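Undergrad: One predicted model, sequence on top.
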Amino acid sequence: MNPVTVRVPAKVNLQLGVGPLRDDGYHDLVNVFHAVSLFDEVTAVPADAPKVTAEAAPDARIAMESVPLDGDNLALRAARLLAAKLGVEPNVELRIRKAIPVAGGMAGGSADAAGALLACARLWKADLALPSLPELAAKIGSDVPFALLGGTAVGLGRGERLTPLETSGSFHWVFATADGGLSTPAVYAECDRLREAQGQQVSWPRASEELVKALASGDARALGAALSNDLQPAALMLRPSLRRTLDAGRELGALGSLVSGSGPTTAFLAESADHAADLAAALAGTGVAKQVVRASGPVPGATVV
Ligand code: ATP
């Protein structure tokens, strides 16, 4: 059996609409996911026992100490789940090469889980016999099915019921990473706290028509104006320094800016690839980010390389 390597993209949420808190502790979401060209790689190698190793991709400043190398690693959980479903031993070494920030709001762990599912399905020659990888993916986490699918898609429910969206051309992005992660559950809890403190009546979120139109027509300026994230006030409350990063990007001419998912990575939309290069250089010069990276989207989901 030869090793199998899968490349998986990061995501940015173009819209993250958070509905009222449900009785089960989750929220109904409207999540417009967009896969961007910042990739983790997961290689599945036959082994005597399940194991995971992880390293940073060249030039990526990744907090590798925050990546668990035990059963908590989402990639290993994915491999075990697939093995149990197939009735085989989960004897695989997963080698993860990370370029997606850890706990950065870009779903890096979910990407690795999707990568492990696809790589192990290939390694164990199960991909044809097992049409339900997205179903397994949803059991691992609500962002995992989108990492398999890629492109641009609306996710309903907890984010896992996906419908692809039509887009034209490529959009050019600049991402500013930050020191230290933000815990997704802590950001949701802060969002609930802020809403209660402000006596906000929360209605059911709906996909933004302006956003859907801007994506279909490839209009970056309209897309920039339509970006939204209901978690942003909470992320800014927990990490006030992100306000300076967002302000700097806007002052430097970004068409739109927002906190990516639960943060603390911030995303800035540029007009073109050249504009993104200029914006990235200028933003790096302000010193408001740990690292500034460029990427474009949409890109395909998990792909065997
Ligand atoms: P999301 O955008 O889906 O909320 P995130 O990008 O904020 O996620 P992740 O990078 O997925 O966050 O990591 C969240 C936590 O998951 C980390 O702090 C880490 O403890 C754990 N984790 C488990 N497996 C992995 C993995 N393969 N890579 C990174 N983190 C992992």
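TA: Looks like it arrived, so ask away.
Undergrad: only C-alpha atoms for contact and neighbour calcs from this point on.
TA: Will do.
Undergrad: Who does the longest strand seen in the chain pair with, and is each partner parallel or antiparallel?
TA: Ranked by residue count and defined by DSSP state E, the top strand of the chain is strand 27-46. The pairing partners recorded for strand 27-46 under DSSP bridges are strand 4-21 (antiparallel), strand 92-98 (antiparallel), strand 152-156 (antiparallel).
Undergrad: got TSV for those, with distance to the ligand and mean neighbour count too?
TA: As requested, the strands paired with strand 27-46 are exported to TSV (distance: least, CA to the nearest ligand atom, whole Å; neighbours: other CA atoms under 10 Å):
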stretch	distance to the ligand	mean neighbour count
strand 4-21	8	25
strand 92-98	7	24
strand 152-156	13	24
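Undergrad: Tell me which of the ones you listed lies nearest to D219.
TA: Closest to D219 of the strands paired with strand 27-46 is strand 4-21 (CA to CA; 13.8 Å).
Undergrad: picking up where we left off before, can you show me the CA trace of the helix or strand following the longest strand of the chain as PDB?
TA: Sequence-wise, the next helix or strand downstream of strand 27-46 (DSSP states H and E) is strand 51-56. The C-alpha atoms that make up strand 51-56 are tabulated as PDB, following Å, rounded to 0.1, in the frame of the first residue of the first chain:
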ATOM      1  CA  LYS A  51      -0.300   7.600  15.100                       C
ATOM      2  CA  VAL A  52      -0.200  11.300  14.100                       C
ATOM      3  CA  THR A  53       2.700  13.700  13.500                       C
ATOM      4  CA  ALA A  54       2.500  17.300  12.500                       C
ATOM      5  CA  GLU A  55       4.900  20.000  11.200                       C
ATOM      6  CA  ALA A  56       4.600  23.500   9.900                       C
END
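Undergrad: Output the contacting helices and strands for strand 51-56.
TA: Taking 3 or more CA pairs under 8 Å, 6 or more residues apart in numbering; DSSP states H and E as contact, the helices and strands that strand 51-56 lies on are strand 92-98.
Undergrad: Give me the residues contacting the strand it packs on.
TA: 39-57, 60, 62, 75-76, 79, 112, 116, 120 (CA atoms under 8 Å, 6 or more residues apart in numbering).
Undergrad: do the same with stretch 17-35
TA: By CA under 8 Å, 6+ apart, stretch 17-35 touches 9-16, 146-147, 150-159, 192, 202-207, 228-231, 297-301.
Undergrad: ok, back up a step: could the strands paired with strand 27-46 go into TSV alongside mean pLDDT and distance to W124?
TA: Shown next, in TSV, are these (pLDDT from 0 to 100; distance: least, CA to CA, whole Å):
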stretch	mean pLDDT	distance to W124
strand 4-21	96	10
strand 92-98	98	10
strand 152-156	95	29
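Undergrad: Any idea which of these gets closest to T184?
TA: Among the strands paired with strand 27-46, the nearest to T184 by CA to CA is strand 4-21 (13.1 Å).
Undergrad: Let's see the pLDDT reported for E160.
TA: On the pLDDT scale, E160 is placed at 76.
Undergrad: let me redo that: G25
TA: According to the prediction, G25 has pLDDT 85.
Undergrad: Assign a three-state SS to it, would you?
TA: coil (DSSP: H, G, I helix; E, B strand; the rest coil).
Undergrad: any idea how far the ligand is from it?
TA: 16 Å (CA to the nearest ligand atom, to the nearest Å).
Undergrad: what about that residue, neighbour count?
TA: 8 (other CA atoms under 10 Å).
Undergrad: Could you do A57 as well?
TA: Residues near A57, counting by other CA under 10 Å: 16.
Undergrad: List the contacts of it.
TA: Here A57 is in contact with R97, K98, A99 (criterion: CA under 8 Å, 6+ apart).
Undergrad: just A44 next, same as before
TA: P3, V4, T5, V92, E93, L94, R95, A116, A119, C120, L123.
Undergrad: Need the phi and psi values for the last one.
TA: As for L123, its main-chain torsions (degrees, to the nearest 10) stand at phi -60, psi -40.
Undergrad: And for the first one?
TA: Here the main-chain torsion angles of P3 (degrees, to the nearest 10) amount to phi -60, psi 150.
Undergrad: Look at it and report its pLDDT.
TA: P3 is assigned 97 on the pLDDT scale.
Undergrad: Skipping adjacent residues, who's closest to it in space?
TA: Distances taken as CA to CA, 6 or more residues apart in numbering put V45 closest to P3, at 4.6 Å, once the chain neighbours are dropped.
Undergrad: all strands for the stretch 201-305 of the chain, in order.
TA: Secondary structure of the stretch 201-305 of the chain (DSSP state E, counting those that start in this stretch): strands at 228-229, 256-259, 266-270, 291-297, 303-304.
Undergrad: Could you pick out the residues of the stretch 1-150 of the chain near the ligand for me?
TA: 66-68, 72-75, 101-110, 112, 143 (CA under 6 Å from any ligand atom).
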